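>>> here is the input, now give the coordinates:
(2 chains)
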Amino acid sequence: MMKLFVFITLLASLLYAGKADLSTPESTVKAYYDAYNNADTDTLSEVMVQSSFDEDMQVYALSVAFQKPAFQKTLDAYETSETARKEVIAAVREKLKTRKKRAVSDFEVMNIGDDRRIVRFIEDGKKERQLYVRKIGDIWRIDYLAGRPVK
Amino acid sequence: MKKIVTAGLAAALLATGAMAAKGGTTSTTSTLTGEQLDTLVFIYQEEKVARDTYITLGNMYTNQTVFANIQLSEQEHIDKAEILCDRYGADTSGINEKKVGEFVVPVLQELYDTLVAQGSQSELSALMVGEYVEITDIDDLEHAAEGMPSDVVNTYENLKEGSLSHLAAFRAAIDAYNSSN
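A predicted model of the protein is given here:
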């Protein structure tokens, strides 16, 4: 079973390789921002582990829910209804199309374990940001739960 | 909105911190998995979102003491979460707790900005943001007990009582606002 899991993971990694560059922690963070700048939620779902992607979708949809109370029920059903999930992601995609693009620079990568890194960088020339990435197979993906050092 | 790190996990870890601070046993730490421990840094930052939201809205609507009162509770949570991060070697050096409204993780910045933007529209909207935050916390706690040791479940119940108290305070403030306007 484990060998099958590893095989599927590696196969998935190869399939993802052509879409976004997830080969290094820095390239993954750049891919994350590129996906947001292009309102590309499909690529975003590849750049992030599932739970982190779901977190982003629900947070970014919150402003939509505040403006449209009926959408709040859809958002509430995000984790239990595939239909609701797709509607939320679509709403986020529409919201991102009007959001100002953001640039990232000045990367610093901190090694906190064999399979995890903290990536610190500057957003739009002045804001200090950081993201956590986890190595899965041969690629790095955004994972909000990969911020704890493991030696 | 569902937090990926449920308040329930925070409860387990905060309980551990509280027990250690009082010189009690830390047997609950041995029941926490690596995945649960991985939540430490994100818990710490999520607690800051709630606290900072209440600080900012409280500064906007100074007549609403509910924000000041609940913000103290959130500060306690942050303090305990930081103790746990230190204990388990989770790096929080990139996070400046003193900078209200500033978050290094982009999605948490978005969450804070969204809550404050909504609350900025009116005093009533601000109170409803508080109500929303507490409802979300309670919902998370109610789902968090699955697979957890009994002492963690007990802690969830205590935290849920706290959130219910906060929720009642926000609802009372909303009722009072609607009665006078």
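>>> please list the residues of chain A that sit near chain B.
A:51-52, A:54-56, A:58-63, A:66, A:75, A:78-79, A:110, A:112, A:118, A:120, A:123, A:128-132, A:144-150 (C-beta under 8 Å from any C-beta of the partner chain). Yep, even glycine has a C-beta here, placed from its N, CA and C like the rest.
>>> A:Asp21 contacts A:Val29, doesn't it?
No: A:Asp21 sits out of contact with A:Val29 when judged by C-beta atoms under 8 Å, with a separation of 10.6 Å.
>>> okay, the two: which has more neighbours?
Using other C-beta atoms under 10 Å in any protein chain shown, the more surrounded residue of A:Asp21 and A:Val29 is A:Val29, with 27 against 17.
>>> and that one, what pLDDT?
Model confidence at A:Val29, given as pLDDT, is 98.
>>> just B:Asn181 next, same as before
Looking at B:Asn181, its pLDDT is 86.
>>> residues touching it, list them.
B:Leu124 (C-beta atoms under 8 Å, 6 or more residues apart in numbering or on different chains).
>>> low-scoring stretches of chain B, by residue?
B:1-32, B:145-148, B:152 (pLDDT under 70).
>>> helix or strand for whatever residue of it ends up closest to chain A, which one?
Here chain B gets closest to chain A at one residue, B:Val41, 3.8 Å apart by C-beta to the nearest C-beta. Per DSSP states H and E, B:Val41 falls inside helix B:40-60.
>>> next helix or strand past that helix?
Defined by DSSP H and E, the subsequent element after helix B:40-60 is helix B:65-87.
>>> what sits up against the helix or strand just after that following helix?
Following helix B:65-87 in sequence order, the next helix or strand is helix B:106-119 (DSSP H and E). Helix B:106-119 is contacted from outside by A:55-56, A:59-60, A:62-63, A:66, A:123, A:129, A:131, A:144, B:45-46, B:48-49, B:52-53, B:56-57, B:60, B:101-103, B:125-126, B:128-130, B:133, using C-beta under 8 Å, 6+ apart.
>>> quick check: B:Gln45 touching B:Val105?
Yes: if you go by C-beta under 8 Å, B:Gln45 and B:Val105 touch, sitting 6.0 Å apart.
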